[in-house]
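**Student:** Kindly return the folded structure for what I paste below:
(2 chains)
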Amino acid sequence: GENVEQHPSTLSVQEGDSAVIKCTYSDSASNYFPWYKQELGKRPQLIIDIRSNVGEKKDQRIAVTLNKTAKHFSLHITETQPEDSAVYFCAASLSNFGNEKLTFGTGTRLTIIP
Amino acid sequence: EADIYQTPRYLVIGTGKKITLECSQTMGHDKMYWYQQDPGMELHLIHYSYGVNSTEKGDLSSESTVSRIRTEHFPLTLESARPSHTSQYLCASSDGGRFSPYEQYFGPGTRLTVT
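**Tutor:** A predicted model of the protein is given here:
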């Protein structure tokens, strides 16, 4: 089955600086890579996702890059703000009509220092 | 408002008790999932369903069972609770790509403590 590794497990950055979280996956057939944000005591929410036919995707201050050859993908947050503090989870899936089973990484606790 | 609901939100029970965690969604989604998560830690898939009368075990071995008799309802049952079952249980659903491809929407979770 799929195995997803995520680094770092904790990350502290100064407000306004950038944060980068990296994930690697094991199954070369995986084709869908979402990122979820979970604030303290809240439910996980999708913030951005990317398909294997795309190398990069941006949405305002967040971006995700995918390197299929190396089997890794990264989340980039620019101009960080206090509300970015949360646990971030990457995931991988072989999405194939009727099969959207996600394998999650172990999470990164991001703290924004004011 | 379309949402996904879980009850109870908190539950403390004794060892050996049978419990059912409820999950309902009003989003019209076909696919539903159960995850186990220790606070702030990795999400482990324990069960999933792609529609009525369809259930599968996930990647994490679990002593729980699920049923899917109605599209909107996906309860999880523990026949005999043990302290090792203490965790948070998150229910999720997705529409399988009809409108927002593959996004999973999570419920608020049930925090279970077995004494």
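
**Student:** How about the residues of chain A by chain B?
**Tutor:** Residues of chain A found near chain B (CB under 8 Å from any CB of the partner chain) are A:1, A:32, A:34, A:38, A:40, A:43-46, A:49, A:87, A:89, A:93, A:95, A:97-98, A:100-107, A:109. In this view, the C-beta of every residue, glycine as well, is placed from N, C-alpha and C.

**Student:** Selecting buried members of these in PyMOL, what would you type?
**Tutor:** The buried residues among the residues of chain A next to chain B can be selected in PyMOL (16 or more other CB atoms under 10 Å in any protein chain shown) with this line:
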select buried, chain A and resi 32+34+38+43+44+46+49+87+89+93+95+100+101+102+103+104+105+106+107+109
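
**Student:** among the residues of chain A next to chain B, which are in strands?
**Tutor:** If you go by DSSP state E, those have A:32, A:34, A:38, A:45-46, A:49, A:87, A:89, A:103-104, A:109 in strands.

**Student:** Bridged to residue 92, which residues?
**Tutor:** In the absence of a named chain, chain A is used. Going by DSSP bridges, residue A:92 is paired in beta bridges with residue A:103.

**Student:** Wait, chain B was what I had in mind.
**Tutor:** Beta-bridge partners of residue B:92, as defined by DSSP bridges: residue B:33, residue B:106.

**Student:** quick one: pLDDT of it?
**Tutor:** With respect to pLDDT, residue B:92 has a value of 96.

**Student:** which residues does it contact?
**Tutor:** Residues near residue B:92 by CB atoms under 8 Å, 6 or more residues apart in numbering or on different chains: B:4, B:32-35, B:104-107.

**Student:** ok, which pair from those is furthest apart?
**Tutor:** B:34 and B:105 (13.7 Å; CB to CB).

**Student:** Settle it for me: which of these two has more neighbours?
**Tutor:** Neighbour count, other CB atoms under 10 Å in any protein chain shown: between residue B:34 and residue B:105, residue B:34 has more, with 26 against 20.

**Student:** That one against residue B:90, yeah?
**Tutor:** Yes - in terms of CB atoms under 8 Å, residue B:34 counts as a neighbour of residue B:90; the distance is 7.4 Å.

**Student:** just for chain B, where's the confidence low?
**Tutor:** Residue ranges of chain B with pLDDT under 70: B:96-101.

**Student:** All the strands of it, residue numbers only.
**Tutor:** Taking DSSP E, the strands of chain B run over residues B:4-7, B:10-13, B:19-25, B:31-37, B:44-51, B:54-57, B:64-66, B:76-78, B:87-94, B:105-106, B:110-114.

**Student:** With chain A in mind, check whether the third one reaches it.
**Tutor:** Put plainly, it is strand B:19-25. No - against chain A, strand B:19-25 shows no contacts by CB under 8 Å from any CB, the least distance being 12.3 Å.

**Student:** Show me what that strand is packed up against.
**Tutor:** Packing partners of strand B:19-25 (3 or more CB pairs under 8 Å, 6 or more residues apart in numbering or on different chains; DSSP states H and E): strand B:4-7, strand B:10-13, strand B:31-37, strand B:76-78, strand B:87-94, strand B:110-114.

**Student:** Would you give the sheet partners of the shortest one, along with the direction of each?
**Tutor:** Same thing as strand B:76-78. Here, using DSSP bridges, strand B:76-78 pairs with strand B:19-25 (antiparallel), strand B:64-66 (antiparallel).
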